[in-house]
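Pasting a predicted model and its sequence here:
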Amino acid sequence: MPGDRPSSPFFPAPVRSGELPRLCFLSYRQIRGFAMPVVAEYTGRAEIEVVDGTFGDALAIARDRLERGLVDAFVSAGSNASILRAGLQAPVATIQLSGFDLLQALIKARRMSSRVGVVMYGQTIPELDEVKDLLNIEVVQHAYQTPDDARQRFEQLRREGFEVIVGSSLVVELAEQAGLHGLLAYSLGSVRKGFEDALELARVARLEAGRYEQLNGVLHNLQEAVLAVNRDNRVIAVNPPMQQLLGPPHARLIGQSLEAIEPELSLQPTLDSGQVERAVVQRFAQRDWVVNRTPIREHGEIVGAALTLYDARTIQEADTSLRIQQGRRQSAARHRFANLIGQSPAFVRAVQTARRFARTDLTVLIAGESGVGKELFAQSIHNESVRAGRPFVAVNCAAFPEALLESELFGYEEGAFTGSRRGGKRGLFEAAHTGTLFLDEIGDMPLQLQTRLLRVLQEREITRLGATAAIPVDVRVIAATHQPLNDMIAERRFRQDLFYRLNTLRLPLPPLRERREDIAPLAEAQVGRCLQRLGTRLDPARALAPLLPRLRAYDWPGNIRELENLGERIAVFLMQFDRLENVRYDELRHDLPELFADATASEVAGDTGLSAARVAAALQAQGGNRQAAARQLGVSRSTLWRWMRERGAGAPGS
Ligand SMILES: Nc1ncnc2c1ncn2[C@@H]1O[C@H](COP(=O)(O)OP(=O)(O)OP(=O)(O)O)[C@@H](O)[C@H]1O
């Protein structure tokens, strides 16, 4: 709505497309009377307001009309036109006095007297001296700049005995008041030309105003508070959020000095330096704002500056939802306690403990062999905690070389090291902000990083590599280990203080061999899933029944991950039979040697359950592919990597 917008001498009047152009004919009484027939000609083409006024008076009237958004263009003659053009940022058409007009006026004047005085606004016309000889009369001309000036010039002519005066309406009036003959120098043709010019100016002004209106619409719909000043640091545009921030809703800010309204927000330094300032955090009106200051240039010259204030809270909220989205992509916490399979007392106890821990925001240390479900429990705790729905970011500390792990966790600034990404990179701590960071295989974290981690846990802020400023982070840490950290502390491979910090809540997870009741339901779930995927309609529980004694007797060194792998192999074996009656279980011996080998247990070494023979067999079966071998062995890739590294078997391959 045009009426709601601030209009000002600094801006074109609001556009009212489709309606007639609105002209304001700012005249003096004499010219007004003379021009009225022309004004009448424009009925239906323009809305013309005719107002009397001269000099300062005229300017005040024009400003008032502009501020009320009533005018598209002004029409005026002589002094008025010049004053309006100088004092307004609005289109002004001038009724020009042509040489022909003057000649006509002089011809008329000659009939009254052989001595004619001419008083004109602005400058005298040198060509007049040549014409006067042709007319065979005496012509004396004067120019004036102000009304007083006009009066003095007129008096001078009167004193010199001139009885006929040709000039502007002001001069004609003076002549009439003094009982002399006053002749207006303008012709109707010039007046018409002035109105035609005004119509064209109004058309162009409307086009511009339309563009301005679009921009204004954008400005008014922005959530951030925006303001612009001109070269003199005076407000030329302000949107509702900024208006609200700077004063009562109807306080008139346009045209005022920003310095006077709010010195803290001053744009003077921007106008002086021409420097762009971006994302400066500034406290104002008891809130934190992210502030941008930008110079506005026209043809390279600074003509003003713009100020944008973003509420820091909005940015924080956007940041959180971004982190959540990215967190989801990176690592969604899909698992919940309800989906965990297991009824054994040891497992039920573990779930009860974990559920209790979920109700706190304390650090948890999950201890258990490889493949017992440590990450599953971490996800379930997260999903049952107040942080549910926030990011859950998991990182395996054994999977990265030291330097890489450091930058993964803490991020880095641009240029922190050769090859660092432009704009830097945020670390996983930042990615997990407001959520949970799961640090798997914490025992494999190098000592130096343990020190940094401890500091983060204590101070709740991180410093990116190469950065100086710390970033506050709100992250719950859940760590997991399959290694006996106590032994590692004794060997000085793990920091005792970090251990105490992590070990606030300890969740030991039992290996599968200590909860054999869970083997059958876990195996049935896995075989069922695989059979379904393979498109076989065999009943998993019935298909597994003959194997259960062996499954229950087996030690499961790779725990549930191994069981899942075995379940997959069983399903692939079963798929070749269309009916359960036809399954030749003894043939499984080739596919599942571990279940059938009586020596399995004696081969087993260490808590990973890996032995040289098992690893060699798996590697051979998988053609040397270590990832596939790890899957077959039921251990994570990093477990196999570590196991091989400890025995000097080299770095992991594919
Ligand atoms: N109670 C359970 N119910 C169903 N599936 C489970 C359960 N516990 C673990 N699993 C499954 O076993 C596999 C291993 O679990 P997880 O990755 O959580 O183990 P982990 O202890 O973190 O292993 P690692 O220490 O080797 O990383 C996963 O595929 C998981 O889905």
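Okay, I see it. Residues are numbered from 1 along each chain as shown.

Could I get the contacting residues of Glu264?
Contact analysis of Glu264 by CB atoms under 8 Å, 6 or more residues apart in numbering lists Gln282, Phe284. In short, each C-beta sits where N, CA and C put it, glycine included.

Ramachandran angles for it?
phi -60, psi -30 (degrees, to the nearest 10).

Find me the pLDDT at the single nearest residue of the chain relative to the ligand, would you?
Nearest residue of the chain to the ligand: Gly373, at 2.6 Å (CB to the nearest ligand atom). For Gly373, the model assigns a pLDDT of 95.

any idea how far the nearest residue to it once chain neighbours are set aside lies from Leu544?
Counting by CB to CB, 6 or more residues apart in numbering, Gly373 lies nearest to Ile560, which is 5.7 Å off, once chain neighbours are set aside. Remark: distance between Ile560 and Leu544 (CB to CB, to the nearest Å) = 16 Å.

same question, Tyr500
On the measure of CB to CB, Tyr500 and Leu544 end up 45 Å apart.

Of those two, which one has the most company?
Each of Tyr500 and Leu544 has its neighbours counted (other CB atoms under 10 Å); Leu544 has more, 21 against 11.

Where does the more buried one sit, in terms of helix or strand?
helix 540-544 (DSSP states H and E).

Report the buried residues of stretch 242-258.
Met242, Gln243, Leu245, Leu246, Leu253, Ile254, Gln256, Leu258 (16 or more other CB atoms under 10 Å).

Kindly report the same for stretch 472-491.
Residues 473, 475-483, 485, 488-489 are the ones in stretch 472-491 that count as buried (16+ other CB under 10 Å).

Next, give phi and psi for Leu505.
Dihedral angles for Leu505 - degrees, to the nearest 10 - are phi -120, psi 130.

Counting neighbours, what do you get for the residue of the chain closest to the ligand?
Gly373: 24 neighbours (other CB under 10 Å).

So for Arg5, what's the pLDDT?
pLDDT, read off for Arg5, is 38.

buried stuff in the helix holding Leu544?
Pro540, Ala543, Leu544.

before we move on, what about stretch 22-40?
Result for stretch 22-40 [16+ other CB under 10 Å]: buried residues 22-28, 30-32, 34-35, 38-39.

For those, which two are the farthest from each other?
Arg22 and Gln30 (24.1 Å; CB to CB).

count of neighbours near Arg460?
Residue neighbour count, defined by other CB under 10 Å, stands at 12 for Arg460.

Can you tell me how far it is from Val477?
In this view, Arg460 and Val477 are 11 Å apart by CB to CB.

what does Gln141 give?
94 Å.

Report pLDDT for Leu544.
Here, the pLDDT recorded for Leu544 equals 94.

if I pick it, what's in contact with it?
Ala520, Ala523, Glu524, Val527, Leu551, Ile570.

roughly how far out does the longest helix that the chain contains sit from the chain middle?
Longest helix of the chain, by residue count under DSSP state H: helix 188-221. Put simply, helix 188-221 sits 35 Å off its chain's centre (CA atoms, centre = their mean, to the nearest Å).

helices or strands up against it?
Contact analysis of helix 188-221 by 3 or more CB pairs under 8 Å, 6 or more residues apart in numbering; DSSP states H and E lists strand 22-27, helix 29-41, strand 73-77, strand 92-95 as its packing neighbours.

what's the third one in contact with?
Residues from elsewhere that reach strand 73-77, judged by CB under 8 Å, 6+ apart: 21-28, 31, 58, 62, 84, 88, 90-95, 97, 168-169, 186, 194-195, 197-199, 201-202, 205.

count of residues packed around Gly44?
Residues contacting Gly44 under the criterion other CB under 10 Å number 7.

can I assume it sits in a strand?
No - read with DSSP: H, G, I helix; E, B strand; the rest coil, Gly44 is coil and lies in no strand.

Skipping adjacent residues, who's closest to it in space?
Leu20 (7.9 Å).

List the contacts of that neighbour.
Counting by CB under 8 Å, 6+ apart, Leu20 makes contact with Gly44, Arg45, Ala46, Glu47.

bridging residues for the last one?
In this structure, Glu47 has beta-bridge partners Arg22, where bridges are defined by DSSP bridges.

Count the neighbours of it for me.
Neighbours of Glu47 using other CB under 10 Å come to 16.

residue contacts, it?
Glu19, Leu20, Pro21, Arg22, Leu23.

What is the nearest of those residues to Gln282?
Among these, and counting by CB to CB, the member closest to Gln282 is Arg22, at 43.0 Å.

And the closest one, how far from Ala175?
Using CB to CB, Arg22 is found at 34 Å from Ala175.

Ok, Gln244 next?
Distance from Gln244 to Ala175, by CB to CB: 57 Å.
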